[in-house]
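K.L.:
3D, please:
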Amino acid sequence: KLLTNTFYFKTLDMYNKSLNKHAQVLVKKLLEASADDTEISVMEYVTLCSLDMICETIMGTEMNAQEGKSVQYVHSIKSACRSVIDRIFQFWLWNDFVFKISKCGQTFYSSIKVLHDFTDKVIENKKTLLKNENNSNITHDKNVGRMQKKSFLDLILNIMEDNPDQLTDKDIREEVDTFLFEGHDTTSISITMTLVLLGMHPDIQDRARDELRSIFEDSDRDVTMEDLNSMKYLEAIIKESLRLYPSVPGFTRELQTTLKLSKYFMNKLYKLYLHGSGKV
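P.N.:
I've put the predicted structure just below:
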């Protein structure tokens, strides 16, 4: 409830310039990679772009992952995610003790330490800077006469100053880590699947391109919130992509009664992992 104000439309609009900047880098990287018609993994590029966007908007820190910077941090995120997936599909790692002493577990905790140390350092630096600033959610740039953005972390720290008994440093780190990990992964998957579907359906791709041309014509200017609100067809494409291929393809359910599947019986309270595809 305390964080609700950080997601007001005007607050999110302040991040628009950062999102445009990183999107332009992504376009440049994709054009360079596809110059010789070599097959590439689009998701690798999209993931790094998503990470750059999330880090700057959430923590106010430029990772420059698309430019090959922050290698240790990027590697740690990949290692931690890989360890989680390995644990899910290897039942002997479900036991906490076994997982901790396994190579997979050691890799996971080592990666998590790198991520937590980085977040803690950013939080500490932000707290030091905010001591000398106004506690309002936005600041005014006297040179250009317009409002400057603040990161999600800045806004949380402002809330912490007003509610010192309700948010601890650990709470803040957990909030930042949650948005960072879940945000960049789910976003990159969604964008990648949308691009794949557009490639599979050139007629839909042409209609989406026509809509963008009607908005931008021959201009390469930054995208505004008004532009985004005008992209009705592209919005429908994204929603259909999310319906067909959600970022999380599976979900769990706990049985309330005994269930018979073919010749097998599953008892009450069994936990099932259901995949989004009927073929699985």
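K.L.:
would you map the strands across this protein?
P.N.:
Remark: strands assigned in the chain by DSSP state E are 139-141, 146-148, 250-254, 259-261, 264-266, 271-275.
K.L.:
show me what stretch 259-276 is in contact with.
P.N.:
245, 246, 249, 250, 251, 252, 253, 254, 255, 256, 257, 258 (CB atoms under 8 Å, 6 or more residues apart in numbering). To be clear about C-beta, it is placed using only N, CA and C from the backbone, and glycine gets the same treatment.
K.L.:
now which of those would you call buried?
P.N.:
Those of the contacts of stretch 259-276 that meet the buried threshold are residue 245, by 16 or more other CB atoms under 10 Å.
K.L.:
that older thread, mind checking the strands of the chain for the one nearest to residue 165?
P.N.:
For the strands of the chain, the distance to residue 165 is smallest for strand 139-141, at 26.4 Å, taking CB to CB.
K.L.:
what is the mean pLDDT for the closest one?
P.N.:
Mean pLDDT, strand 139-141: 47.
K.L.:
and what of stretch 114-125?
P.N.:
Rounded mean pLDDT across stretch 114-125 is 87.
K.L.:
equivalent analysis for stretch 78-95, please.
P.N.:
pLDDT averaged over stretch 78-95 gives 93.
K.L.:
run through who's touching it.
P.N.:
98-99, 102, 104-105, 107-108, 110-112, 115, 181, 185.
K.L.:
let's see it at 10 Å
P.N.:
Stretch 78-95 has contacts (CB atoms under 10 Å, 6 or more residues apart in numbering) with 47, 98-115, 181, 185, 250, 273.
K.L.:
what does stretch 26-35 give?
P.N.:
39-42, 44-46, 48-50, 52-53, 66-67, 191, 195, 220.
K.L.:
ok, 8 Å please
P.N.:
40, 42, 45, 46, 49, 66.
K.L.:
mind listing what the last one touches?
P.N.:
Spelled out, that is residue 66. Residue 66 touches 22, 25, 26, 29, 45, 48, 49, 52, counting by CB under 8 Å, 6+ apart.
K.L.:
between the residues you listed, which sits nearest residue 208?
P.N.:
For those, the nearest to residue 208 is residue 26 (17.1 Å; CB to CB).
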